[in-house]
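Novice: return a 3D structure for these sequence lines:
(one chain, ligands or ions: 1)
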Amino acid sequence: METEWIWLLLGLPIAFILGWLASRLDWRQMRIVQRSAPRAYFQGLTYLLNEQQDQAIDVFVQAVQSDPDTVELHFALGSLFRRRGEYDRAVRVHQHLLARADLSGLDRARAQWELAQDFMKAGLLDRAEASLQQLEGTSLESQAQTALLYIYERTHDWPQALALTSRMTGEAAQAHGAGKQMHYLCEQANDAMRQQDFERATSLLDQARACDSSGVRPGIEQVRLLLAQGQYRQAVQWALALSEQLPQTMPLLAGMWGDRVFETLQGDQALLQQVHTALRVHYENESSLDVLLALVAIEHQMGLPRAGHWYAEHIRKHPSLVAAAHWMELEQQQDAAIAKSLDKAMQPLLNYRCLHCGFEARSYFWQCPGCQSWESFPTKRVEELQA
Ligand SMILES: [Zn+2]
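Specialist: Prediction:
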């Protein structure tokens, strides 16, 4: 009886110690297992930090093969392939992930987003579009919509861009609101003008005005539409009203009037006089190059003496090769070779330049073809920006 008690007294602490040891052993074993799993991550990370992408990819590929369930490693590998320009391999990794039935909703959306990025980088915009559309209703819907809008703008699919911004909600709707919709409608109106469908262009410009009443573009496009239809008198009257209301539109409007427009106004001296006054008042307030050129052209048409004095006055205020070249041409102060040289030197100074990326073009763009920014072109020419 006594021996049993001794065993019992000794047995309890021994059992306790054995249990504690066993638990320690399990815990240490678990730590070993946990340590071995992310080892590939650390190894891959070390290679990445040392900019050894090839070695990092080898480690990740090996880890993915030995443990195909590791979702994060798939993402890391896919992203590495894409960064190296191996888009087909990146696509395969992300498609492999999407084919898995056990993937969580969030990881499925992430894989779909990554797949869309692969297609975007590879320039396969139609496939990127299809991938992004799959993200509707997921937590990544908002960023997918922004990426989709980028694709529609890049491909000039203005009706789709307009429809998408109408569906947007929250922050995305604020970022791509009425201002952009106005531009999408104006772009469609321009397409209609090119196809000589003036009725449709008129209707689209009406919608653009209703969409963003503070936007300056619909008014300018209306002048372009009237000029395209040969309705020069109405175009000039519209432009006069617009420039009075929004003086900042005058340089663009003045650039649209040419000798042909002024020629057709010959019979209407009162209107010519009105345009002349508007141009002169604007030029005296803000000496824009486009307004200067239009001012000389209209004075020439009106038969006013010494129209070229405006060039001389401009050069006195701002050193200007454009004005100097025009003045010399008008006064016939040079031979043909000098005229050709001056014209060549002057041409790049007549470009417009994007304030965001520095892209230059002879035509005015509402959306920069270089960086896709809207309204990033000032209405001043390169020479005026340098002044
Ligand atoms: Zn740009």
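Novice: tell me if the helix or strand where Ser142 lies is near the ion.
Specialist: Assessed by DSSP states H and E, Ser142 sits inside helix 141-154. No: figure legend: helix 141-154 not in contact with the ion (CB under 5 Å from the ion); closest approach 12.9 Å. Every residue, glycine included, has its C-beta placed from N, CA and C.
Novice: need the phi and psi values for Glu114.
Specialist: Here is the backbone geometry of Glu114 (degrees, to the nearest 10): phi -60, psi -40.
Novice: quick one: it from Gln207, how far?
Specialist: Applying CB to CB, to the nearest Å, the value for Glu114 to Gln207 is 38 Å.
Novice: the nearest residue to Pro378 once chain neighbours are set aside: what's it in contact with?
Specialist: Of all residues beyond its chain neighbours, the one nearest Pro378 is Leu355 (6.4 Å), with distances taken as CB to CB, 6 or more residues apart in numbering. Counting by CB atoms under 8 Å, 6 or more residues apart in numbering, Leu355 touches Ser376, Phe377, Pro378.
Novice: ok, those residues vs the ion, which is closest?
Specialist: Nearest to the ion among these: Ser376, at 5.3 Å, using CB to the ion.
Novice: quick one: neighbours of Lys344, just the number.
Specialist: Close neighbours of Lys344, defined as other CB atoms under 10 Å, add up to 10.
Novice: for it, what are its contacts?
Specialist: Lys344 neighbours (CB under 8 Å, 6+ apart): none.
Novice: equivalent analysis for Tyr311, please.
Specialist: With CB under 8 Å, 6+ apart, Tyr311 has these contacts: Leu292, Val296, Ala323, Ala324, His326, Trp327, Leu330.
Novice: model confidence for the first one, exactly?
Specialist: Okay, so that is Leu292. With respect to pLDDT, Leu292 has a value of 93.
Novice: touching, it and Trp327? I think so.
Specialist: No: using CB atoms under 8 Å, Leu292 makes no contact with Trp327, being 10.6 Å away.
Novice: between those two, point out the one with more neighbours.
Specialist: Leu292 (24 against 19).
Novice: from Lys317, how far off is the more buried one?
Specialist: Taking CB to CB, one finds Leu292 at 10 Å from Lys317.
Novice: which of the helices or strands spans the residue lying closest to Gly219 once chain neighbours are set aside?
Specialist: Using CB to CB, 6+ apart and skipping the chain neighbours, the partner closest in space to Gly219 is Leu242 (4.4 Å). In this assignment (DSSP H and E), Leu242 forms part of helix 232-245.
Novice: show me the contacts for the residue of the stretch 51-200 of the chain found nearest the ion.
Specialist: Going by CB to the ion, the ion is nearest to Glu153 of the stretch 51-200 of the chain, at 12.9 Å. Listed by CB under 8 Å, 6+ apart, the contact partners of Glu153 are Ala161, Gln367, Gln372.
Novice: wait, doesn't the second one sit right on Ser373?
Specialist: Put plainly, it is Gln367. Yes: using CB under 8 Å, Gln367 is in contact with Ser373, at 7.1 Å.
Novice: these two: who's more crowded?
Specialist: Gln367 (18 against 15).
Novice: backbone dihedrals for the spatially most central residue of the chain, please?
Specialist: With distances taken as CA atoms, centre = their mean, the residue of the chain nearest its centroid is Gln372 (2.6 Å). In terms of degrees, to the nearest 10, the main-chain angles of Gln372 are phi 70, psi 10.
Novice: now Gln62
Specialist: According to degrees, to the nearest 10, Gln62 has phi -60, psi -40.
Novice: so who does it touch?
Specialist: Counted by CB under 8 Å, 6+ apart, Gln62 has contacts Ala40.
Novice: and the pLDDT for the residue nearest to Gly219?
Specialist: 94.
Novice: equivalent analysis for Ala312, please.
Specialist: 88.
Novice: over to Leu8?
Specialist: So Leu8 comes in at 55 (pLDDT).
Novice: over to Leu148?
Specialist: 96.
Novice: just Gly19 next, same as before
Specialist: 52.
Novice: ramachandran coordinates for Tyr352?
Specialist: phi -100, psi 150.
Novice: meant to ask about Glu375
Specialist: Here Glu375 shows phi and psi, under degrees, to the nearest 10, equal to phi 50, psi 40.
Novice: quick revisit: my guess is the residue nearest to Gly219 contacts Leu253. True?
Specialist: Yes: the pair Leu242 / Leu253 is scored as a contact, 6.8 Å apart, by CB under 8 Å.
Novice: which one of those two has more residues nearby?
Specialist: Remark: of Leu242 and Leu253, Leu253 carries more neighbours, 27 against 20, as counted by other CB under 10 Å.
Novice: the more buried one and Glu360, how far apart?
Specialist: Counting by CB to CB, the gap from Leu253 to Glu360 is 22 Å.
Novice: just flag the most distant two among the contacts of Tyr311.
Specialist: Using CB to CB, the contacts of Tyr311 span at most 13.2 Å, a distance reached by Val296 and Ala324.
Novice: my guess is Pro247 contacts His282. True?
Specialist: Yes: applying CB under 8 Å, one finds Pro247 in contact with His282, separated by 6.4 Å.
Novice: find the nearest non-adjacent residue to Gln386, please.
Specialist: Leu349 (7.9 Å).
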